[in-house]
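**Student:** Any chance you could fold what I've pasted below:
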Amino acid sequence: MTPFGQKIRQLRKDKGINQKQMAADLGVSPAYLSALEHGHRGAPTWAMVQRVISYFHLIWDDAEEIEQLARQSHPKITIDTSGLSAEAVTLVNQLARKVRGLSHVRIAELSQLLKKKEDG
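**Tutor:** Reported below is the predicted structural model:
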């Protein structure tokens, strides 16, 4: 599941809207909406993000959050390691191989470590 998919699923459930109804209201198939929620499709288009924002009547910070989550919701990514150190390339490859086996706690720890480095 992607961050965007998780959020729209939460919004949909909070409003008591089923997937079939939301898909019809947005003009997409239920299969597409399901795939988007579960991370089996690429990141949503800008237009789709705007339709979701409008659909849930989101404004300001909530709308910005949806846009940010969409940008972070590429289920398949490619990392260009050319020009990086051997250690960095090794790290990227280790993460690619092992990310599925990491616990939620470990993922949160690694995310927090990276965020500290970004802010820092």
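
**Student:** mind pulling up the phi and psi values for Ser103?
**Tutor:** phi -70, psi 160 (degrees, to the nearest 10).

**Student:** ok, it to Ile77 distance?
**Tutor:** According to CB to CB, to the nearest Å, Ser103 stands 21 Å off from Ile77. C-beta: built from backbone N, CA, C; applies to glycine.

**Student:** Now do the lowest-mean-pLDDT helix or strand in the chain: which elements does it pack against?
**Tutor:** Of all helical and strand segments in the chain, the minimum by mean pLDDT, DSSP states H and E falls on helix 104-119, at a mean of 86. Judged by 3 or more CB pairs under 8 Å, 6 or more residues apart in numbering; DSSP states H and E, helix 104-119 is in contact with no other helix or strand.

**Student:** quick one, which residue of the chain lies the farthest from its center?
**Tutor:** Of all residues in the chain, Ala86 has its C-alpha farthest from the mean position, at 28.9 Å, by CA atoms, centre = their mean.

**Student:** mind listing the helices for this protein?
**Tutor:** Assigned by DSSP state H, the chain shows helices spanning 3-14, 19-26, 30-38, 46-55, 60-71, 86-98, 104-119.
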